[in-house]
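Colleague: below are the sequence and a predicted model; questions follow.
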Amino acid sequence: MVTSPSSVHIAIFPFMSKGHTIPLLHLAQLLYHRCLTSTITLFTTPLNSPFIRQSLTGVKANVIELPFPENIPDLPPGIESTDRLPSMLLFLPFIHAVKQLQPLFEETLKSLPTINLLISDGFLGWSRDSSAKFNIPRMVFYGMGNFAMTISAIVATEKPHRHVSSDDEPFSVTPLPHLKFTKSDFSPPFDDPDPKGPLAEFVYEQMIATRQSHGIMVNSFYELDEPYLDYWNKNIGPKAWCVGPLCLMAKHNVELDQSLEEQRRACMQWLDVRSTSNRPVLYVAFGSQAHVPAVQLQEIAAALEKSEIDFLWVIRDEDAEFGEFEQKVQDRGMVVHKWVDQVEILRHESIKGFMSHCGWNSVMESVTAGVPILAWPLIAEQHLNAKFVVEEMKVGLGIRMRGRDELIKSEHVEEMVRELMAGEGGKEVAKNVKVLSDKAKMAMDGGSSWSSLEAMISEVSSINSFSS
Ligand code: UDP
C-alpha cells in the first residue's frame, strides 16, 4: 500500500540555536499549511519550548520537551540554546550535553505512533542512529546554503589549501575553477587541511551521519543554487532538495511579551515615519550568535554617525555603551537591544540596505525582501556566504577584510555604507536583488521549491510503504 502524503507523520528535531531552529519552524508551517503531513511532532527542551510554541501558532503540532542534561562539565546551568552561551568556546561542551539526549529521544520514539520521516539538524548526527533503529528515514537540515555546503565538502576532501603558504594566498577548487578562495574564507576545522582535535572529530562525525541519511533539505531555491546543487547531487550526496526560502512562511502573529511588543511597535512606527518622509534606512544586525567586540561596535557607531544615513541598529550586547552617540543621531538613528522581528523589518518599504554578518537565514531574508546587503561576515560559514552574496549573486557589496579578526576602521565602514545606500555600486546590487527576490517568491509559489518539497515527501512515503 502506498502511504498517501496526507497521512505522513513527520518528526522535526531542531538544533538548539535560533539560526538553526527558526527555518525548521517555518518548514513546519509550510508542511502543515500545504497538508503534506497528518501529524507534526517537534522535539525540543523545556527552555526552548516557549519560543517554539509561540512560533507555531496556528499549526497543529505535538511539542515534546526532553529535559536538558544537567551537570555537564564547563557548561553553566540553565543554558539550553547556543545563543545564550557566554562564549562560543563552550560550543563543544554544549554539543556534548545535547548528545546525551539520545537515550531519552529513543525511549520517546517507542511511545509515539509510527513516524514516517525524521527531519533533524545536521548537528544532531546521533539522531541518524536512532532513526535507523526505528526504521525511520532521516532528512538532514544544516541551515546553510548549497554554495557553502558544497565548497566546504570539496575543500574537506580534496584539500586544495594544502599547497598554499599563507592565509591570504588564493587557491581554487578543481570542479569550480572560476572561484578563488583563501584559507580565511573558511572557519575551523575547514581552514586546516589536516585538522585534528574535538571540533574536527565532531564535524567528521556529522558528515558521516549525513552521508548515511536519506537526504538533505536546503533552505534555498534551485534558480539560485543550480550549479552547486547539481554538483552536490552528482558527486557528493546524499541527495539535496531545495525547499526554500523558508522565511516566506514567517508570520507576524507571534505573541510577544509586552516589552518586545512595545519595542516592535516603536520600530515599526519609526520606520513608517521614514517612509512617509522618503528617507531610506539601513538595517544593521549581526544575527543571534556572533559576538562583535566593543571596539568594533565603536567604529560602527562612528561610521553611522558620519554617514548621514538613517539607520536601525540591533545590538545584542545590552551593556554596550556609546557615550553621546545615541543623542547625537537621535533624528535619524534608532538603536535597539532586544530581539526584533527581523523579517518584518526587512519587509518594511523604508529599508533599503542591510549591513549583515551573512548568516544564511539573514541572507535569505534579505534576498526575499529585495534588500541589498553590505556583507560583513564574522564566524562559521559566513565568509563563504558573503562571497556568494557579493561575487556570485551580486546582491551585495563587501566590507574589505584582510584577516578574520581585523578591526575594520570607521572610515571604510562609512565609505561602504554610503556606496550601498547612495552610490552606483549600491544601485546595481539593488537592481539585482529585486530580480532574485521575484525568483525566490516564484520558487515557493508553485515553482521549483514547491515541487521539490512535494517530490521529497512522496519519495519518503514510498520508502515507508516499501519497508512496511
Ligand atoms: N533574528 C531575529 N531577531 C533578532 C535576531 C535574529 O528575528 O533580534 C533571526 C533572524 O531573522 C534569522 C535568525 O534569527 O532568522 C538568525 O539566523 P542567521 O542565520 O541569520 O544568523 P545566526 O544568528 O545563526 O548567526
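Modeller: Okay, I see it. Numbers count the residues shown, from 1 in each chain.

Colleague: any idea how far A148 is from T210?
Modeller: According to Cβ to Cβ, to the nearest Å, T210 and A148 sit 14 Å apart. All C-beta spots, glycine's among them, are computed from the backbone N, C-alpha and C.

Colleague: those two: which has the busier surroundings?
Modeller: Neighbours were counted for T210 and for A148 using other Cβ atoms under 10 Å; A148 has more, 24 against 21.

Colleague: pull out the buried residues from the helix or strand encompassing the more buried one.
Modeller: Assigned by DSSP states H and E, A148 belongs to helix 146-158. Of all the residues in helix 146-158, those buried under the rule 16 or more other Cβ atoms under 10 Å are 146-156.

Colleague: ok, now which ones touch the closest residue to H96 other than its chain neighbours?
Modeller: Of all residues not flanking H96 in the chain, I72 sits nearest, at 6.3 Å (Cβ to Cβ, 6 or more residues apart in numbering). Shown in contact with I72 (Cβ atoms under 8 Å, 6 or more residues apart in numbering): 93-94, 96-97, 100.

Colleague: can you get me the start-to-end distance on stretch 378-396?
Modeller: Chord length of stretch 378-396, first to last residue, is 16 Å (Cα to Cα, to the nearest Å).

Colleague: get me the contact residues on this structure for the ligand.
Modeller: Counting by Cβ under 6 Å from any ligand atom, the chain comes close to the ligand at 18-19, 22, 287-290, 314, 339-343, 359-362, 365.

Colleague: re earlier: quick check, nearest of the buried residues of helix 146-158 to the ligand?
Modeller: Closest approach between those and the ligand, by Cβ to the nearest ligand atom: A148, at 11.2 Å.

Colleague: could I get the phi/psi values of V273?
Modeller: Backbone geometry at V273, expressed as degrees, to the nearest 10, gives phi -60, psi -40.

Colleague: relative to H348, how far out is it?
Modeller: Distance, V273 to H348, by Cβ to Cβ: 11 Å.

Colleague: who's more crowded, these two?
Modeller: More neighbours surround H348 than the other of V273 and H348, with 19 against 12 (other Cβ under 10 Å).

Colleague: next, count neighbours for D168.
Modeller: What D168 shows, counting by other Cβ under 10 Å, is a neighbour count of 11.

Colleague: could you pull out the helices in the stretch 1-150 of the chain for me?
Modeller: 18-33, 49-55, 91-99, 102-111, 126-133, 146-158 (DSSP state H, counting those that start in this stretch).

Colleague: closest to V63 out of those?
Modeller: helix 49-55 (5.8 Å; Cβ to Cβ).

Colleague: so for the closest one, what gets flagged as buried?
Modeller: Under the neighbour-count criterion of 16+ other Cβ under 10 Å, helix 49-55 has 51-53, 55 buried.

Colleague: got the contact list for the worst-scoring helix or strand of the chain on mean pLDDT?
Modeller: Using mean pLDDT, DSSP states H and E, helix 448-467 stands out as the lowest-scoring helix or strand of the chain, at a mean of 85. Residues outside helix 448-467 that contact it (Cβ under 8 Å, 6+ apart) are 1-5, 8, 30-31, 34, 36-37, 116-117, 135, 137, 139, 214-215, 217, 221-223, 241-245, 443-444.

Colleague: burial count for the closest residue to P76 other than its chain neighbours?
Modeller: Among residues not flanking P76 along the chain, P86 sits closest, at 6.9 Å (Cβ to Cβ, 6+ apart). Neighbourhood size, P86 [other Cβ under 10 Å]: 9.

Colleague: same question, R400
Modeller: 10.

Colleague: repeat that for E261.
Modeller: 12.

Colleague: ok, now how distant is it from Q54?
Modeller: For E261, the distance to Q54 - Cβ to Cβ - is 12 Å.

Colleague: quick one, what contacts G359?
Modeller: So G359 contacts 19, 287-289, 380, 382, 385 (Cβ under 8 Å, 6+ apart).

Colleague: just the ones of the residues you listed in helices?
Modeller: Cross-referencing the contacts of G359 against helices under DSSP state H gives 19, 382, 385.

Colleague: highest neighbour count among those?
Modeller: That'd be Q382 among these, by other Cβ under 10 Å, with 28 neighbours.

Colleague: quick one: contacts for that residue?
Modeller: 290, 357-359.

Colleague: give me the residues contacting stretch 260-275.
Modeller: 256, 280-281, 310, 312, 334, 336, 338-341, 344-345, 348-351.

Colleague: got the buried residues for it?
Modeller: The neighbour-count check on stretch 260-275 (16+ other Cβ under 10 Å) flags 263-264, 267, 270-271, 274 as buried.

Colleague: mind listing what the residue of the stretch 1-150 of the chain found nearest the ligand touches?
Modeller: Residue nearest to the ligand within the stretch 1-150 of the chain (Cβ to the nearest ligand atom): G19, separated by 2.0 Å. Residues counted as contacts of G19 (Cβ under 8 Å, 6+ apart) are 143, 287-289, 359-361.

Colleague: nearest to T108 among those residues?
Modeller: Using Cβ to Cβ, G143 comes nearest to T108 of the contacts of G19, at 23.7 Å.

Colleague: tell me the contacts of the closest one?
Modeller: Shown in contact with G143 (Cβ under 8 Å, 6+ apart): 19-20, 23, 121-122, 219, 360-361.

Colleague: repeat that with 10 Å
Modeller: Residues in contact with G143, defined by Cβ atoms under 10 Å, 6 or more residues apart in numbering, are 14-15, 17, 19-24, 121-123, 149, 217-219, 246, 359-361, 364, 381.

Colleague: for it, which non-adjacent residue is spatially closest?
Modeller: H20 is the one closest to G143 (Cβ to Cβ, 6+ apart), at 4.9 Å.

Colleague: neighbours around L312, how many?
Modeller: Neighbours around L312, by other Cβ under 10 Å: 22.

Colleague: which helix or strand contains it?
Modeller: With secondary structure defined by DSSP H and E, L312 is part of strand 310-314.

Colleague: and that strand, how far out from the chain's middle?
Modeller: 21 Å (Cα atoms, centre = their mean, to the nearest Å).

Colleague: model confidence over it, on average?
Modeller: Averaging pLDDT along strand 310-314 yields 97.

Colleague: quick one: strands adjacent to that strand?
Modeller: Partner strands for strand 310-314, per DSSP bridges, with pairing direction: strand 281-285 (parallel), strand 333-336 (parallel).

Colleague: with distance to Q327 and mean neighbour count added, can I get those strands in CSV?
Modeller: Compiled in CSV, those are given as follows (distance: least, Cβ to Cβ, whole Å; neighbours: other Cβ atoms under 10 Å):
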stretch, distance to Q327, mean neighbour count
strand 281-285, 18, 24
strand 333-336, 10, 19
